[in-house]
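1. Sequence first, predicted coordinates after that:
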Number of protein chains: 2
Amino acid sequence: IWCLACQEKKQALLYVSDAQYNRNIFFDTSPQAVRLYLLYNHWFMQMLVYVFIIINLALALFEDPAVVPLPIWATSTIEIICLSAFTVRMVHYAKVIPRDKFWKDPKNICIIVILSFIDLTIYGALKATGYFAIRWSRVLRPLLLVNVTEGRQLRRAFRSIRNALPQISYVFFLFMFSVLVFSLMALKLFGKRGLLTIDGSPYFTNYLDIVFDLYVLVTTANSPDVMMPAYNYSVFFTVFFILYIVINTYTFMSFFLAVVYNNYKKYLKEEVRQLVKARRFKMCRAFSLLQETRGEGGEPVVTQAKWNHLVKLVKPNISIAHRELLWSVLDDQNKGHIGKIAFVQLADLLSIQVITVKSQPHPIQICFPSVYNSSVSRFIRYMVRTRVFVYVYDLIILVNAVFIGLDEENPVVSNAEWGFLALYMLEIILKLYATEPRAFFARHHFWNWFDTIIIVSALFGTIINSALKHCKCYTSRQILDIVFILRVVRLIRLVDSIKRFRAIINTLIKIGPTILTFGQLIVVVYYIFAMVGMELFKGKVQFFEPNSTSPDQEYCGNPLLKGTTFAKLNYCKNNFNNVVSSFIVLLELTVVNQCGFTAVTHVSARIFFVLFHIVVVIIIINIFVAFILEAFLVEYTFDKSDLQTSLEKKIEELEDGVDTGLVDAMESIDNELGPSETGKQKPSLMFKIASRRSRTVDGLLQRMFETDLRHEDFNEEEEPENINFSNPVFDSV
Amino acid sequence: IWCLACQEKKQALLYVSDAQYNRNIFFDTSPQAVRLYLLYNHWFMQMLVYVFIIINLALALFEDPAVVPLPIWATSTIEIICLSAFTVRMVHYAKVIPRDKFWKDPKNICIIVILSFIDLTIYGALKATGYFAIRWSRVLRPLLLVNVTEGRQLRRAFRSIRNALPQISYVFFLFMFSVLVFSLMALKLFGKRGLLTIDGSPYFTNYLDIVFDLYVLVTTANSPDVMMPAYNYSVFFTVFFILYIVINTYTFMSFFLAVVYNNYKKYLKEEVRQLVKARRFKMCRAFSLLQETRGEGGEPVVTQAKWNHLVKLVKPNISIAHRELLWSVLDDQNKGHIGKIAFVQLADLLSIQVITVKSQPHPIQICFPSVYNSSVSRFIRYMVRTRVFVYVYDLIILVNAVFIGLDEENPVVSNAEWGFLALYMLEIILKLYATEPRAFFARHHFWNWFDTIIIVSALFGTIINSALKHCKCYTSRQILDIVFILRVVRLIRLVDSIKRFRAIINTLIKIGPTILTFGQLIVVVYYIFAMVGMELFKGKVQFFEPNSTSPDQEYCGNPLLKGTTFAKLNYCKNNFNNVVSSFIVLLELTVVNQCGFTAVTHVSARIFFVLFHIVVVIIIINIFVAFILEAFLVEYTFDKSDLQTSLEKKIEELEDGVDTGLVDAMESIDNELGPSETGKQKPSLMFKIASRRSRTVDGLLQRMFETDLRHEDFNEEEEPENINFSNPVFDSV
């Protein structure tokens, strides 16, 4: 019976942590499967999977065309190891999941692994026999990031894009129609006039060339060059280009943003709604495992003991005080047990970051109480806490900025650096003197950590650098670079002093984790395009070191580039000769779509660049902008969730000493760390909600749509779709 | 007493039309002022003002630096006439407005007029005595567009921008701080490495140059050129640029959009709320002028007779049927009089476009009934109405598109054009045969009008062109151009056949009027920058005709430009030598901020370009994007206003013949146009709501915020600000 209870607890733990991390896996409930599932979700196993994925992706660095060439057998062996690891993971997954559910999720991974194996053998065989071969399965590698169990957010983003695609494509086709009609008009207007472009070729005489040129004009890359011949001929022709820019570059591009914004948001909202439902369902399952019925015909409840045990299992490093606080929020009437509705809130409650602040005496106060409490010491501590101290250091930073800008070969400037370093060290020491060190370095004090790390690193860097300089044995430009960067980064501290700037920065930081999901999205798309680009363009353009004397240098080693702007502007290093260069070229293409490459291959290579522009700029960048827009609006318009408010209320009550029973209980539990200060009125234990931000992307998303979701949370029936987010199908004329 | 009633009616008319057009003028209620105010609001007077403004603005074409030079006395005389016209308009305004209210609105116009006079005399005097003089008051001219009584929407836009400015500026300062810090880092990293740019100058050695280069990188104009020297030196330095692009180009620019979107929307909403309140207030005033009390202690009401008279005054060309319809909507219970709440809706009701469709017999049917009703004729009419007819003509258009793309010097192609024209003419004739001509050319049938005009013009153009070609006396390229344009424009018809495309196009058209306000905004900003730019840069860059043999041609007539990319790319026509060129250069700067101009003057001229970028790209273009975004979202998410729904319900009732009394009444009034068809069940009179679109910008705005405004419409007390639009002040951390 004990083992059965233990088994139930484990299962409940799994349900709760699945709910907390929004995992959607219907694991088998047999004891063995539960044990394996616990292992499957272990952070080490998850990390291992990502390590293998990264190794697998990084193989592109060593495969032909390589940054650091390795023999084929070496890269192949590494890839086989990675693929085996994924296979093992899949087998593990199969053991956890009921047989009939297995193929739902991981079939894509299986396909990728199998295809990679096939490609690897074909490639090996062809290469061994000396034939030409392409490693086409490399395109599939980044898809592992999407399909792996942990890539939930990325998968959600892709799914939302896929769902929004039909709507986007209607606008896109209309946009292309507009480009085609404008091109036809350009052909008729300019084709017969015998105009010449700047490099002497005929202007606007080939229809497909015109389409391409006008498409590029949408990306603003060839403005105003594409217009100049017509403008030089007659000022009236600018009307054509102005119309084109207003309609296609501005109106249609804004329209794309609007469509992407609206659709992406709509589908994402639907996803989040499903997520919240699944979470609720899982918490109910956990409840039904732990419930017991109080009295005759009473509601099923969960006792505090069982709850405590569960929370300890779910979050092993939770402080007792924090746990007590959470319980007191759920069990508001101090009954000692909670019902289903309260229990279900646990997953949300655990995701609110609560910081336990213990006001402890300063170590110096304990060791040398007379010194620490002397009037001089008290004056110093008072001064450090005043605004004047902050202003003085802001001024120092400003002066420092000027000194950084000056030439550091001037001895006065380089010596002044020591002075600044000393001043900054003094600041940290003074602050450490005035504040209890553990409070100073608390996890949520971002700027304290920032300061200390930057200053200490800069100190070490400067010492190492001057040591190297003095011994004259070796001058490392790299160390000097790092020292310079650290010096400049120090200036960012200034932002923290200006209240409004700090707020903007905080908003940016809050959006941060979300941007990371986009980072992954971008990596997946970039990787695929880089692989294709490398196969298409590798070796077509060569880069020569600036001091090279090769005559090929002038045209990047490709006679086709003789006299082109590409070669003239020395863009030779913008090539697809290895994966790093490819990524950089793709970044440049994202910013400004310049395609000198079409000169070195067939004109049809333009399709590659247009496709990249459509995928990255029109879709992904627009989603990025839409997301920042939405996140920004949410950041300033959201109501706090009910749960967070009740948690805050409880914390306030604690501070006001209203609920002293609870405080005492916590004190007695937590006072192994030292006697509480007797002279103080306030409890020495204080809670703080870390920030209103949601740490996870799911949290942010949930909050985005919270006002819509809250009311249907406990509503089991499907409500009709909210009219505010109804699909903008283009047939409601 | 009659005159008093007449006076009251006039006053009521003024209140209603002020409410309808959202005029906010507190006119004097004396008989003379009311009469003058009626004149003041006459469309001819308003048009006259705009004609004078346009003439005044167009003077820039003839003043030095001129497109078409005119002597100073001529331009000065025209300007004096314009200024006098504005003065007269002001005097007129002063007569209408109570003395104490006068200075509120038009003080800006007075200042502009006075300053212009002063500038004109100083300029004249200085020029006469041969001194150097600047016409600085030209900068003020476009401000007339804003400050004139009719420029309400523009004024509102400017006010919203001004109010949003503080919030935008916080983000802007943080953005500039980021640029400055990155520049400092770039100086330290690259300054000492002795790198060279593509034109051989030292790379990243001057701090201010770096700041400018990195600012331009945000506009993506110098990407990837600015990165190439560092990238060629070491691939690791790209990390610096990638970070810069991600933070500044993408994140901050999206952030700007978010801040602009949020703030602009917020302030605009406040403006619209004020507008709705003012409108309600004015309608109440009108009501109190016309009201009479029914019975003892009854509610004050307005009788149908008075109401009819008022509507006739407000909208002289309203059809009697339409008026009856409106009355039946307001007086739902057929009481013969309406109360205050119903009366107040009149202004909104009048702004809903209702089309009266009268089903009349075809003229041919009247003249030759036997021919028209023959089986062949009926078959033709049936065929024209089928989908097959549309598909056949879509196919013809596609084939036509291919023919347009072919070389028109081929005789087959040029003769085919006659065939196509004949086919298109046939289509129009067939359609006219199948549909009653007045219905075919009804005002809301945009595509019918479009087709007919395009085809008839193309026919005339082609005839004139071939006549000129045959007589060989004169070949006009211009006529050929127009013919070509008309041919290509014909293809747009294809869009109408595809349902989803048509819907997108309709959305675009609906946003149209709003974009016009932005057009004015852009003109004002462009004009100011053009005036300043002309004074700064006129004559610095010269354009030589392509066949000129002047040696100066290579460097645009300015030795400072020798060897620069500006001259190499033949940008000489991008100059500030006259107002047309200036506008084109400014458009190019809007698209891509390239500033070759700084080479010809002092480096500080860069300030001009940076300022232009901040004003136009960061603020105005973002507002444009924000507006399209919002309009798009509104287009698909709005609920119809209650009023429109009740109007639609009433129209439906009419069609179902429920309210036959009303139909009969209308029939008897309107049947002067011919006997109604007796064989038909449906009433021959039909109403249609033109479209859900609001014709005016105010209407669109009002609908945008309708859901928020509707509930407080009748609430006289100020409600607390809706939390969803609360100001995102950056201090809530």
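-> Yep, it's here. Residues are numbered from 1 along each chain as shown, chains lettered A, B, ... in the order given.

2. What ranges does the stretch 401-550 of chain A have for its helices?
-> With DSSP state H, counting those that start in this stretch as the criterion, the stretch 401-550 of chain A has helices at A:411-434, A:437-440, A:446-471, A:477-490, A:493-497, A:499-537.

3. now swap in the stretch 1-150 of chain A and tell me
-> Counting by DSSP H, counting those that start in this stretch, the helices of the stretch 1-150 of chain A are A:2-20, A:31-40, A:43-58, A:72-96, A:107-128, A:141-147.

4. Quick check: which of these is nearest to chain B?
-> The closest approach between chain B and any of the helices of the stretch 1-150 of chain A, judged by C-beta to the nearest C-beta, belongs to helix A:43-58 at 15.7 Å. (C-beta placed from N, C-alpha, C; glycine too.)

5. Which residues of the stretch 201-350 of chain A lie near chain B?
-> Residues of the stretch 201-350 of chain A found near chain B (C-beta under 8 Å from any C-beta of the partner chain) are A:207, A:220, A:223-225, A:227-228, A:231-232, A:235, A:238, A:242, A:245, A:249-251, A:254-255, A:257-259, A:261-262.

6. and those residues, which of them are in strands?
-> Counting by DSSP state E, none of the members of these fall within strands.

7. buried subset of the residues you listed?
-> Buried members of those, scored by 16 or more other C-beta atoms under 10 Å in any protein chain shown, are A:207, A:220, A:223-225, A:227-228, A:231-232, A:238, A:245, A:249-251, A:254-255, A:257-259, A:261-262.

8. between the helices of the stretch 401-550 of chain A, which gets nearest to A:Arg162?
-> helix A:499-537 (12.5 Å; C-beta to C-beta).

9. Contacts only, for the nearest residue to A:Leu48 once chain neighbours are set aside.
-> Leaving aside its sequence neighbours, A:Leu48 sits nearest to A:Ala85 (C-beta to C-beta, 6 or more residues apart in numbering or on different chains; 7.4 Å). Counting by C-beta atoms under 8 Å, 6 or more residues apart in numbering or on different chains, A:Ala85 touches A:48-49, A:52.

10. Pull the number of nearby residues for A:Ile455.
-> 20 (other C-beta atoms under 10 Å in any protein chain shown).

11. what sits against A:Glu417?
-> A:403, A:408, A:462, A:487.

12. May I see those organised as TSV, with distance to chain B, pLDDT and neighbour count added?
-> Converted to TSV, the contacts of A:Glu417 look like this (distance: C-beta to the nearest C-beta, whole Å; pLDDT from 0 to 100; neighbours: other C-beta atoms under 10 Å in any protein chain shown):
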residue	distance to chain B	pLDDT	neighbour count
A:Phe403	11	87	18
A:Glu408	8	75	19
A:Thr462	13	85	20
A:Arg487	7	83	24
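
13. returning to that earlier point: please narrow the buried ones among the residues of the stretch 201-350 of chain A next to chain B to those residing in helices.
-> Judged by DSSP state H, these include A:207, A:228, A:231-232, A:238, A:254-255, A:257-259, A:261-262 as members of helices.

14. Could you work out the most separated pair of these?
-> Top of the distance list for those (C-beta to C-beta): A:Asn232 and A:Asn262, 42.2 Å.

15. Skip the chain neighbours and tell me the closest residue to the residue of the stretch 51-200 of chain A found nearest chain B.
-> Closest to chain B within the stretch 51-200 of chain A is A:Lys188: 3.8 Å, counting by C-beta to the nearest C-beta. Take A:Lys188 and drop its neighbours on the chain: the residue closest to it by C-beta to C-beta, 6+ apart is B:Phe484, 3.8 Å away.

16. Flag the shaky bits of the stretch 451-600 of chain A, pLDDT-wise.
-> For the stretch 451-600 of chain A, applying pLDDT under 70 flags the ranges A:472-476, A:593-600.
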